[in-house]
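Undergrad: Got a predicted structure here, sequence first:
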Amino acid sequence: MGQAIVDSAGQQTVRRTSPSSAWGDGAAWDREYAHVHAIPSSLRLAPSRAFTRLESAFGDVAGKRVLDLGAGTGRHSIHASSLGARVHAIDSSDVACQLHRARATARNLTARIELGTVDEHNLPDGEYDLIIDSYVSCHILSTDGRRRFLDALMSRLAPGGRLYTAGMGTLDSFYRRHMVSDGPEAIAVDPVNGIAKLLQPGDTARRDDRELARVVSSWTERFVEAVGGIAEQREVHAAVLTR
């Protein structure tokens, strides 16, 4: 990724530019959910593999308050609602929110589904027993920024509450081919939807988790998944944290 520059001698060079974040970019996410579907999970109904693997660390969510940030079309929110949780779901895509509401209605489930954007300075009021960050904070394109956001989320946990966080690893074969950052951060841009993600090496993810909070459970998952018709080796780092 870069910008073509022509100097006074007529020579063309390419200057590397930093990718822009899709954080809060409702238009970009509307395109993804309505038309592009570049992300394999965009319209998926089942909870993610990592979420299912670590779900036992959440405890019983019946009657508990759950905050699902970047909820998309609701695959985790609807699952939590079906278990009796009181869900507050937020996403910056109007298309995703509409699909989420339709899915919840079809299953006679009730959830507060809100169109909006949050950041470390603008979080919902109140405390939650479970906060879900499933491939969301990885769209903050700096390690420090992501840590600050997760630290802010920890401040919204009720006593004994849990924060679930998951992101992509640097050994993911699809994103490794689309790395664009020359700096200290590992950033990749999906060539189909133009959305950038911060990737993390396993040791960095584990270090950040330990420094942020007490780790209840963690898992690095590697599996093969088709992306654009090509079998890719995916890598996911996920953890459940508590204060």
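TA: Thanks, I have the structure now.

Undergrad: switch to C-alpha atoms for all contacts and neighbour counts from now on
TA: Will do.

Undergrad: which residues of the protein fall in strands?
TA: 2-6, 12-16, 65-69, 86-91, 112-115, 128-134, 157-168, 186-189, 196-199, 214-227, 230-242 (DSSP state E).

Undergrad: Now do the fourth one and strand 128-134, the angle between them.
TA: What it means is strand 86-91. Calculated by axes from the mean of the first three to the mean of the last three Cα atoms, to 10 degrees, strand 86-91 forms an angle of 30 degrees with strand 128-134.

Undergrad: ok, now the last one?
TA: Calculated by the same axes, to 10 degrees, strand 230-242 forms an angle of 160 degrees with strand 128-134.

Undergrad: Tell me the strands beside strand 230-242, with direction?
TA: Strand 230-242 pairs in its sheet with strand 157-168 (antiparallel), strand 214-227 (antiparallel), by DSSP bridges.

Undergrad: from the chain's centre, how far out does the shortest one sit?
TA: Going by Cα atoms, centre = their mean, to the nearest Å, the spacing between the C-alpha centre of strand 157-168 and its chain's C-alpha centre is 13 Å.

Undergrad: The residue lying closest to D133 once chain neighbours are set aside: neighbouring residues, count only.
TA: Excluding the flanking residues, the one nearest D133 by Cα to Cα, 6 or more residues apart in numbering is T165, at 4.6 Å. The local packing of T165 (other Cα atoms under 10 Å) involves 23 other residues.

Undergrad: what pLDDT does T165 get?
TA: pLDDT recorded at T165 is 97.

Undergrad: what does stretch 209-216 rub up against?
TA: With Cα atoms under 8 Å, 6 or more residues apart in numbering as the test, stretch 209-216 has contacts from 57, 147, 150-151, 239-243.

Undergrad: Stretch 31-51: which residues count as buried?
TA: 31-33, 37-39, 42-43, 47, 50-51 (16 or more other Cα atoms under 10 Å).

Undergrad: same question, stretch 148-165
TA: Neighbour-count burial for stretch 148-165, counted by 16+ other Cα under 10 Å, picks out 148-150, 152-154, 156-158, 161-165.

Undergrad: give me every residue that touches the closest residue to I90 other than its chain neighbours.
TA: Leaving aside its sequence neighbours, I90 sits nearest to E114 (Cα to Cα, 6+ apart; 4.8 Å). Contacts for E114 (Cα under 8 Å, 6+ apart) come out as 88-91, 97.

Undergrad: pLDDT weak spots in this structure?
TA: Scanning the chain with the threshold set as pLDDT under 70 gives 1-17, 182.

Undergrad: and if we set it to 90?
TA: Applying pLDDT under 90 to the chain picks out residues 1-19, 40-43, 181-184, 204, 207-208, 228.

Undergrad: hmm, back to that, so which of the buried residues of stretch 31-51 sit within helices?
TA: Using DSSP state H, the members of these that fall within helices are 31, 50-51.

Undergrad: can I get those residues in CSV with distance to G228?
TA: Shown next, in CSV, are these (distance: Cα to Cα, whole Å):
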residue, distance to G228
R31, 17
A50, 21
F51, 23
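
Undergrad: which one of the residues you listed is nearest M179?
TA: When those are ranked by distance to M179 (Cα to Cα), R31 comes first, at 22.1 Å.

Undergrad: Check the gap between the closest one and A106 for me.
TA: According to Cα to Cα, to the nearest Å, R31 stands 24 Å off from A106.

Undergrad: picking that back up, closest one of the contacts of E114 to M179?
TA: Lowest distance from M179 to the contacts of E114 (Cα to Cα) belongs to D91, with 26.0 Å.

Undergrad: my read: the closest one touches L115, true?
TA: Yes. D91 sits in contact with L115 when judged by Cα atoms under 8 Å, with a separation of 5.3 Å.

Undergrad: So which of these two has more stuff around it?
TA: Comparing D91 with L115 by neighbour count (other Cα under 10 Å), the higher total belongs to D91, at 25 against 16.
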